[in-house]
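Colleague: 3D, please:
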Amino acid sequence: MRSPSRSIVPELHPVDTPNPLIQDMVARGEVGLSAGKGFYDWEGCDVDLVRKQSSERLAQARANSSMMRFRITRRAPSRRSRELKRGR
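Modeller: The predicted structure is shown next:
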């Protein structure tokens, strides 16, 4: 699977420098959960609890995604293979 930053982003934002909004946020120290601020205001949150919940949700999403891939790629047995199993 290709990384979105290598496949989609160059099409949407074809420049070599990071987005100025992101550069400004990093310069202000607004780098996310660890700093308490970023795109969201994490001040007053239990950082360990947020990370635990995020990890659990990600694990569940990965499990669901794996099951969907299995269901989509798994083919129904062909008529011939069913006949072979029955000994015909």
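Colleague: show me what contacts F39?
Modeller: Shown here is F39, whose contacts under the criterion C-beta atoms under 8 Å, 6 or more residues apart in numbering are 25, 32. For glycine as for every other residue, the C-beta is placed from the backbone atoms N, C-alpha and C.
Colleague: and with 6 Å instead?
Modeller: Contacts for F39 (C-beta atoms under 6 Å, 6 or more residues apart in numbering) come out as none.
Colleague: check the secondary structure at it for me.
Modeller: In terms of secondary structure, F39 is coil; the call rests on DSSP: H, G, I helix; E, B strand; the rest coil.
Colleague: next up, phi/psi of it, please.
Modeller: Main-chain torsions, F39, degrees, to the nearest 10: phi -70, psi -30.
Colleague: gap between V15 and W42?
Modeller: Remark: distance between V15 and W42 (C-beta to C-beta, to the nearest Å) = 29 Å.
Colleague: nope, G29 is what I was after
Modeller: Noted for G29: a distance of 13 Å to W42, by C-beta to C-beta.
Colleague: quick one: neighbours of E30, just the number.
Modeller: By other C-beta atoms under 10 Å, the residues close to E30 number 16.
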